[in-house]
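In: Fold the stuff below for me.
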Amino acid sequence: MMEYHIGTILVGSLKYDFLKNIPDYDVFNVEGIVQVLNYKRTGYGAEIFATYNDKKPKMSLLYCSESITLSDESEQNVDLYFGGRYYANKHMYILNDPLSYVVKKFKSRYVKAVDLFFDSACIHIVRKEKIDYFTYIPLKPKDIKENKFDRFKSLKLPELKNGNIRLDNLLKCTKDFSQKGNDLYVRREVVKGTFQIIENVDIENKTIVIIDDVFSTGSTIFEAAKTLYEAGAKKVIAIILSVNQLTESSIEYKNLKCKVCGSNMRIRMNNNTGELFFGCENYMEHEEEKNTGELIPGMNALKKKNKFEIYEIIDLLDEF
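Out: This is a model prediction of the structure:
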C-alpha cells in the first residue's frame, strides 16, 4: 500500500467519532481491499468530481448516522452522507487538494464539480427511498442584505430536475452567527434557535434531504435537522460536500516547486472553463514561461515526490 501510495483503508462501518480523520478508502470486507489494491475503487464522490470535473463510475459516499436531542428530550437519528475530505487553510495539504480548493471557490461562484456531485448524490438517495423535499442551509440575514452569492441556488442539478424534483427553500436563518475559531460547546450554543421553517410550508410526516458544503462539528446541520424534526418531519438525511479534517501526519509533506521562481506550486482554477491546474503565485508575471501544469500530471508528480521508501525491513526480524 505504501509503495503504491494508496494510504489508509478502513474495513468496516465508518463511525461518527472518526470523521475528523477519514481514511483514503473505506470498505466492508477483504474483497474491498483487493478492489482498492487493483485500482477498481476510485474513491469518494466529491473528490473524484473535483479532480476530474466529470462523472466517474464506482465512486463512493461516506456514510454514518448520529442521534440528536430535541427540545422535549426525545432523540432522532440523522443519516449523514459525505462527498470527501476538506483541509482548512493552515493544513499542509491545502496547496494540493482539489476538493478543498473547490469548496472555497463554491462560496463565491458556481462550480460545475459541486453541481455534479450533489446531483449524483441526491439521485443515489432517491433510488434508496422516497424523498418528499430537498432543501439546503440558507444564507444568513447579513449575507442576504449584502447580496452575497447564494451558492445552493446556483446549482442546476440536471438529473434531479429531469425527475421533476427540485431544491426547495424550507428554512430561513433568523440571526447572524459565525463558527470560526469556536470550540464545540460554543458552536452549539451560537447556532441554537437560528433556523425557522418558511411560512406556509407543511413538512409534517415528510422525509427531507438537506445539503451543505462543509461539516466541521456538525452544529449547523444538526440545528437545521432539529428544526425540521420539531416541525414534524418524519426523517432527515444530510448530504454534505466535505468533512473538515483536523489531524495531520507527522511525515514531512513536499510541495511542487516552480521551475522559474522556486515558489510553491498550488492548485488554481481557470475562470472561463472551471478546470483546475497547478501554478505558482507569480505565474502570470513570468514573461518567458508561465510554468503552469495540468492537474492530473501534477497530482501524479506529488505522489511520486511524497512516495514512501523502505530501506531495510528490520522490525520483521526481531525476536521477542
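In: can we go C-alpha only for contacts and neighbour counts from here?
Out: Noted.
In: Can you find the helix or strand in the protein with the smallest mean pLDDT?
Out: Scoring the helices and strands of the chain by mean pLDDT, DSSP states H and E places helix 184-190 at the bottom, with a mean of 76.
In: Which of the three states applies to the residue positioned nearest the centre of the chain?
Out: Residue closest to the average C-alpha location in the chain (C-alpha atoms, centre = their mean): residue 242, at 1.4 Å. Following DSSP: H, G, I helix; E, B strand; the rest coil, residue 242 is assigned to strand.
In: going forward can the numbers begin at 17, since that is how I track them
Out: Yep, numbering from 17; the last one is residue 258 now.
In: just to revisit the earlier point, now find how far off-centre the least confident helix or strand of the chain is within its chain.
Out: 22 Å (C-alpha atoms, centre = their mean, to the nearest Å).
In: strands paired with the helix or strand following that helix, and their directions?
Out: Remark: after helix 200-206, the chain's next helix or strand is strand 211-213, criterion DSSP states H and E. Pairing partners of strand 211-213, with direction, according to DSSP bridges: strand 187-189 (antiparallel).
In: what distance separates the partner strand from the centre of its chain?
Out: Distance, stretch centre to chain centre, for strand 187-189: 22 Å (C-alpha atoms, centre = their mean).
In: ok, now which ones touch the residue nearest to the centre of the chain?
Out: Listed by C-alpha atoms under 8 Å, 6 or more residues apart in numbering, the contact set of residue 258 reads 62, 98, 99, 100, 101, 102, 115, 119, 229, 230, 231.
In: Report the buried members of those.
Out: Neighbour counting with 16 or more other C-alpha atoms under 10 Å marks 62, 98, 99, 100, 101, 102, 115, 119, 229, 230, 231 as buried within these.
In: out of the residues you listed, which are inside helices?
Out: Assignment to helices by DSSP state H places the following of the buried ones among the contacts of residue 258 there: 62, 115, 119.
In: Just the CA atoms of the top helix by length along the chain, as PDB, please.
Out: Selection of the longest helix in the chain by residue count, based on DSSP H, yields helix 128-144. What follows is helix 128-144, C-alpha atoms only, in PDB (Å, rounded to 0.1, in the frame of the first residue of the first chain):
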ATOM      1  CA  LYS A 128     -19.600  22.500 -12.000                       C
ATOM      2  CA  ALA A 129     -17.900  19.800  -9.900                       C
ATOM      3  CA  VAL A 130     -20.000  20.700  -6.900                       C
ATOM      4  CA  ASP A 131     -23.200  20.600  -9.000                       C
ATOM      5  CA  LEU A 132     -22.300  17.200 -10.500                       C
ATOM      6  CA  PHE A 133     -21.600  15.800  -7.000                       C
ATOM      7  CA  PHE A 134     -24.800  17.000  -5.400                       C
ATOM      8  CA  ASP A 135     -26.900  15.900  -8.400                       C
ATOM      9  CA  SER A 136     -25.400  12.400  -8.300                       C
ATOM     10  CA  ALA A 137     -25.600  12.000  -4.500                       C
ATOM     11  CA  CYS A 138     -29.200  13.100  -4.400                       C
ATOM     12  CA  ILE A 139     -30.100  10.700  -7.200                       C
ATOM     13  CA  HIS A 140     -28.400   7.900  -5.200                       C
ATOM     14  CA  ILE A 141     -30.600   8.700  -2.200                       C
ATOM     15  CA  VAL A 142     -33.800   8.900  -4.400                       C
ATOM     16  CA  ARG A 143     -33.100   5.300  -5.600                       C
ATOM     17  CA  LYS A 144     -32.900   4.100  -2.000                       C
END
